[in-house]
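# pasting the sequence and the predicted coordinates here, then a few questions.
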Amino acid sequence: MRELELSDGVITLSPLRPEDAAAHLAGEDEALARWLGGGPSTPEGVAAYFRHCREEWETAGALRAFGIRADQGNEEDDADGGVGGGGNGVLAGTVDLRFEHSDLAPGQVNVAYGLYPSWRGRGLATRAVLLASGYAARAGAREAVIRVEPENAASAAVARRAGFRPAGRVRDGHGTLHDCYLRGLDL
């Protein structure tokens, strides 16, 4: 598989790889486990999930899971709130696209994201959502969906900064309430 890379000069998105599992486990904190994983990860669980992510890429499946990679050489904030330098492979978090799900209408893609604690507050999640949304548009999606639990104010702020508009509240299959944000993906 040819390695896809999407970059804005500050971060680079590339498919998650099984060898990213250790960095993911090292970066996971309570907030990431709560909002994205439903609980703390195990080495076995992360390894299995990252293998699944790779298989989804290789088979053009419904899931496209990207590693958010940032330049570790320059961790000072740029004037625009990002980290300087472009992605050189330091895993700072993840952004996932789901092109098919029972909660999605045709043409919609679900966007989920999370950063490890030392990378938060620099605008990287917003950059990752924008890059991933561009990829989703080129892959045929017409609208991106972000679902955020109402208590997760930081994630809701990312959605708003990335141009998503509030679209009401929905309950998922487990009964969890989410604020829904939508953004058209016109090319």
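Alright, I've got the coordinates. Numbers count the residues shown, from 1 in each chain.
# count of neighbours near the closest residue to R171 other than its chain neighbours?
Distances taken as Cβ to Cβ, 6 or more residues apart in numbering put L177 closest to R171, at 5.7 Å, once the chain neighbours are dropped. C-beta here means a position set from N, CA and C on the backbone, and glycine is covered the same way. The number of residues packed near L177 is 12, by other Cβ atoms under 10 Å.
# separation between L177 and L25?
In this view, L177 and L25 are 29 Å apart by Cβ to Cβ, to the nearest Å.
# low-confidence stretches in this structure?
Residue ranges of the chain with pLDDT under 70: 1-2, 37-39, 71-88, 187.
# repeat the analysis, applying 80 as the threshold.
Scanning the chain for pLDDT under 80 picks out 1-3, 32-40, 71-89, 187.
# which SS state does the residue nearest the centre of it fall under?
When Cα atoms, centre = their mean is applied to the chain, the residue found nearest the centroid is V95 (1.5 Å). Secondary structure state of V95, per DSSP: H, G, I helix; E, B strand; the rest coil, is strand.
# and for A128?
helix.
# need the contact list for it.
Listed by Cβ atoms under 8 Å, 6 or more residues apart in numbering, the contact partners of A128 are 11, 13, 66, 68, 93, 95, 113.
# how near is it to T12?
Computed with Cβ to Cβ, the distance linking A128 and T12 is 10 Å.
# and G123, by the same measure?
Distance of G123 to T12, given as Cβ to Cβ: 15 Å.
# and the strands in the protein?
Under the criterion DSSP state E, the chain contains strands at 6-7, 11-15, 63-70, 90-98, 108-115, 143-148, 165-171, 177-184.
# partner strands of the fourth one, with direction?
If I follow you right, that is strand 90-98. strand 63-70 (antiparallel), strand 108-115 (antiparallel) (DSSP bridges).
# distance between the first one and the chain's centre?
Same thing as strand 63-70. Strand 63-70 sits 7 Å away from the centroid of its parent chain (Cα atoms, centre = their mean, to the nearest Å).
# could you do stretch 22-36 as well?
Distance, stretch centre to chain centre, for stretch 22-36: 13 Å (Cα atoms, centre = their mean).
# got it, and stretch 170-187?
Its chain's average C-alpha position is 14 Å from that of stretch 170-187, according to Cα atoms, centre = their mean.
# surely P15 touches E55?
No - with contacts counted by Cβ atoms under 8 Å, P15 stays clear of E55, the gap being 10.8 Å.
# out of the strands of the chain, the one nearest V158 is which?
Across the strands of the chain, V158 has its closest neighbour in strand 108-115 (6.9 Å, Cβ to Cβ).
# what's the burial count for I146?
24.
# beta partners for it?
Counting by DSSP bridges, I146 is bridged to Y181.
# for P106, see how far away it is.
Using Cβ to Cβ, I146 is found at 18 Å from P106.
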